[in-house]
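[1] Sequence plus the predicted model coming up.
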Amino acid sequence: MDHRKAAEEVLKGIGGKENLVSAAHCATRLRLVVADQDKVDKAAIENIEGVKGVFIAQGQLQAIFGTGIVNKVYDEFMALTGMEAASKEEVKQAAAEKMNPFLRLIKTLGDIFVPIIPAIVASGLLMGLLEGLGKAFPSLLDSGTFTILNLFANAAFTFLPILIAISAAKTFGGNLFLGAVIGMIMIHPNLINAWNVASMTAAGEAIPQASVWFGLYNINLVAYQGHVIPVVIAVWFMSMLEKQLHRIVPEIIDLFVTPLVTVLVTGYLTLTLIGPVFSWIENGVLWAVSQLIAIPFGIGAFLMGAVYAPTVVAGVHHMYNMIEAGLLSSTGVNTWMPIATAANVAQGAAALAVALKVRDKKIKAMALPASLSAFLGITEPAIFGVNIRFMRPFVAGMIGGAAGALVGALFNVGASAYGVTGIFGLLITTDHLFGYLCTMAVAAVVAFAVSWFMGINEKA
């Protein structure tokens with residue numbers, strides 16, 4: 001393909017360089033922030049040679065070119081515009097300024113929870129593998145090696161508040177190490193481990209308390225294992241306080257006063273106010289989600305399986321990371337993951353039906369790899385590159401997602417991590433392999449069949 005011609009057509013499609021705010025690229029997509037989205041000719045950009053899909057998400061116009069190609073198109077694009085290259089973070093910041101408050105909040109949650117996915121995946125996969133090996137070879141359970149590996153598997157979940165605190169501090173612009181200290185305070189070993197409270201209560205043991213705020217009320221000296229929202233709020237407050245102190249404290253004593261006051265004030269407020277209030281709110285949110293999933297006959301999961309893909313289109317699906325982290329921390333089982341898997345696999349199957357049925361070679365060339373990507377858990381190429389462009393396959397994917405999620409709920413499928421869906425999800429659902437396979441199979445078959453029989457208008 002002619003990379004310069006593609007870059008010229010993209011520039012023309014966005015309304016010229018005077019409408020361009022900033023540009024960057026990732027492994028597969030050209031990421032652009034434009035001043036006025038009404039000047040963008042999305043249909044024209046979709047028809048450019050090499051473009052596998054175009055969508056607007058999180059304030060960015062993203063054109064999918066694919067690995068290797070996007071680098072060359074980006075180089076030509078920057079040469080045409082005469083702009084300096086921007087990093088992905090700079091483009092994200094520029095895009096965030098154009099987002100409404102709700103979408104900005106969702107983006108913030110994604111910025112906090114997405115970076116810690118590798119740690120959760122590593123622990124979750126190892127936990128799943130150890131559970132499978134323990135069932136296959138019971139003698140391993142008493143071995144020293146198994147004990148050590150089990151320690152590795154639990155590490156990320158045991159110290160999850162610290163991971164969240166560091167990521168939140170980075171997102172909110174606070175000091176990462178002060179954020180880590182706040183996370184450490186919330187799970188300090190001198191506090192009662194939150195996972196031991198139930199057994200202590202059942203045994204009739206009293207939970208230690210402390211009188212706070214000059215004797216106004218007492219708090220339970222219980223740590224915050226299993227909580228995520230209180231950590232995020234605490235570190236947000238810490239970051240805002242730290243920034244304010246940097247502005248007002250004289251530079252000569254800033255190094256000493258700012259960290260001291262930041263930790264002292266934030267720590268006390270966290271244990272006496274932020275933690276108790278927001279842990280109660282978080283428990284309510286997780287209870288509501290659990291009740292939704294547990295609606296009899298899988299009705300709740302059925303509904304969520306249907307609407308999951310539209311939330312991806314709206315760019316608000318990152319909020320699920322917080323829910324999944326909360327479920328894992330509080331119960332040890334991620335019951336949201338099979339819903340996501342059903343929705344992702346269904347969109348892949350719908351795209352596969354398009355690939356096999358259409359005659360247009362360009363559509364076929366986009367749909368087949370996009371389908372495979374969705375089966376591996378990455379749905380954007382299938383959703384934005386194929387299904388939503390023709391709408392009927394997208395609806396078919398929603399129907400398949402609902403059917404698969406229903407099956408997952410009926411089989412009580414749960415995962416030991418988050419951030420992994422589709423085929424690789426088999427590694428974190430070792431306790432529910434049959435149910436998980438049925439979830440994927442039903443989602444795929446229903447979505448493929450509906451997409452096949454509904455057909456598509458290749459000229460749409």
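    Okay, I see it.

[2] Point out where the stretch 1-150 of the chain drops to low pLDDT.
    57-58, 84-100, 102-103 (pLDDT under 70).

[3] Can you verify Leu30 is assigned to a strand?
    Yes: checked against DSSP: H, G, I helix; E, B strand; the rest coil, Leu30 lies within a strand.

[4] what about the closest residue to it other than its chain neighbours, which SS state?
    What sits nearest to Leu30 in space, not counting adjacent residues and going by CB to CB, 6 or more residues apart in numbering, is Ala63, at 4.5 Å. For every residue, glycine as well, the C-beta is placed using N, CA and C. For Ala63, the assignment made with three-state DSSP gives strand.

[5] residues contacting Ala63?
    10, 29-30, 32, 45, 48, 51, 53-54 (CB atoms under 8 Å, 6 or more residues apart in numbering).

[6] same thing with Val420?
    121, 124-125, 337, 377, 427-428.

[7] now for stretch 46-60, what's the gap between its first and last residues?
    In stretch 46-60, first residue to last residue: 15 Å (CA to CA, to the nearest Å).

[8] send the alpha carbons of stretch 115-133 over as PDB?
    The C-alpha coordinates for stretch 115-133 follow below in PDB (Å, rounded to 0.1, in the frame of the first residue of the first chain):
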ATOM      1  CA  PRO A 115      -1.700  -1.100  34.700                       C
ATOM      2  CA  ILE A 116      -1.900  -3.600  37.500                       C
ATOM      3  CA  ILE A 117      -3.500  -6.300  35.300                       C
ATOM      4  CA  PRO A 118      -0.100  -8.100  34.700                       C
ATOM      5  CA  ALA A 119       0.400  -8.600  38.400                       C
ATOM      6  CA  ILE A 120      -3.200  -9.900  38.800                       C
ATOM      7  CA  VAL A 121      -2.900 -12.100  35.700                       C
ATOM      8  CA  ALA A 122       0.400 -13.600  36.900                       C
ATOM      9  CA  SER A 123      -1.000 -14.400  40.400                       C
ATOM     10  CA  GLY A 124      -4.400 -15.600  39.000                       C
ATOM     11  CA  LEU A 125      -2.800 -17.900  36.400                       C
ATOM     12  CA  LEU A 126      -0.500 -19.400  38.900                       C
ATOM     13  CA  MET A 127      -3.300 -19.900  41.300                       C
ATOM     14  CA  GLY A 128      -5.400 -21.600  38.700                       C
ATOM     15  CA  LEU A 129      -2.500 -23.900  37.600                       C
ATOM     16  CA  LEU A 130      -1.700 -24.800  41.300                       C
ATOM     17  CA  GLU A 131      -5.400 -25.700  41.900                       C
ATOM     18  CA  GLY A 132      -5.400 -27.900  38.800                       C
ATOM     19  CA  LEU A 133      -2.200 -29.600  39.800                       C
END
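
[9] so how far is that stretch off the chain centroid?
    16 Å (CA atoms, centre = their mean, to the nearest Å).

[10] Run through who's touching that stretch.
    Counting by CB under 8 Å, 6+ apart, 140, 146, 149-150, 152-157, 160, 163-164, 167, 170, 321, 325, 328, 415-420, 427-431 sit against stretch 115-133.

[11] Helices of the stretch 51-200 of the chain, start to end?
    Assigned by DSSP state H, counting those that start in this stretch, the helices in the stretch 51-200 of the chain fall at 69-81, 88-96, 101-113, 117-136, 144-158, 160-172, 176-186, 197-202.

[12] my guess is Phe434 contacts Val413, does it?
    No: checked against CB atoms under 8 Å, the pair Phe434 and Val413 is beyond contact range at 9.3 Å.

[13] Of those two, which one has the most company?
    Val413 (29 against 10; other CB atoms under 10 Å).

[14] could you pull out the strands for the protein?
    20-25, 29-34, 53-57, 60-64, 209-212, 217-220 (DSSP state E).

[15] Tell me the strands beside the fifth one, with direction?
    So that's strand 209-212. Here strand 209-212 has these sheet partners by DSSP bridges: strand 217-220 (antiparallel).

[16] for the strand it pairs with, which positions count as buried?
    Residues Ile219 are the ones in strand 217-220 that count as buried (16 or more other CB atoms under 10 Å).

[17] pLDDT on it, on average?
    Taken as a whole, strand 217-220 has an average pLDDT of 89.

[18] who's in contact with it?
    Residues contacting strand 217-220 (CB under 8 Å, 6+ apart): 192, 207-212, 271-272, 276.

[19] Give the PyMOL command for selecting the buried subset of those.
    Only the buried entries of the contacts of strand 217-220 go into this PyMOL selection, using 16+ other CB under 10 Å:
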select buried, resi 192+271+272+276
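
[20] With respect to pLDDT, which of the contacts of strand 217-220 ranks lowest?
    Ile207 (85).

[21] Ignoring the adjacent residues along the chain, who's closest to it?
    Nearest to Ile207 is Asn220, by CB to CB, 6+ apart, at 4.8 Å.

[22] Starting from Asn71, give me the distance back to the one you found.
    For Asn220, the distance to Asn71 equals 55 Å [CB to CB, to the nearest Å].

[23] same thing with Val21?
    Distance from Val21 to Asn71, by CB to CB: 21 Å.

[24] Tell me which of the two has more neighbours.
    Val21 (17 against 13).

[25] Make sure that one is actually in contact with Val33.
    Yes: the pair Val21 and Val33 passes the contact test of CB under 8 Å, sitting 4.2 Å apart.

[26] on that earlier part again, who is the residue nearest to Ile207 paired with across the strands?
    Here Asn220, judged by DSSP bridges, has bridge partners Gln209.

[27] ditto for Gln60
    Ala57.
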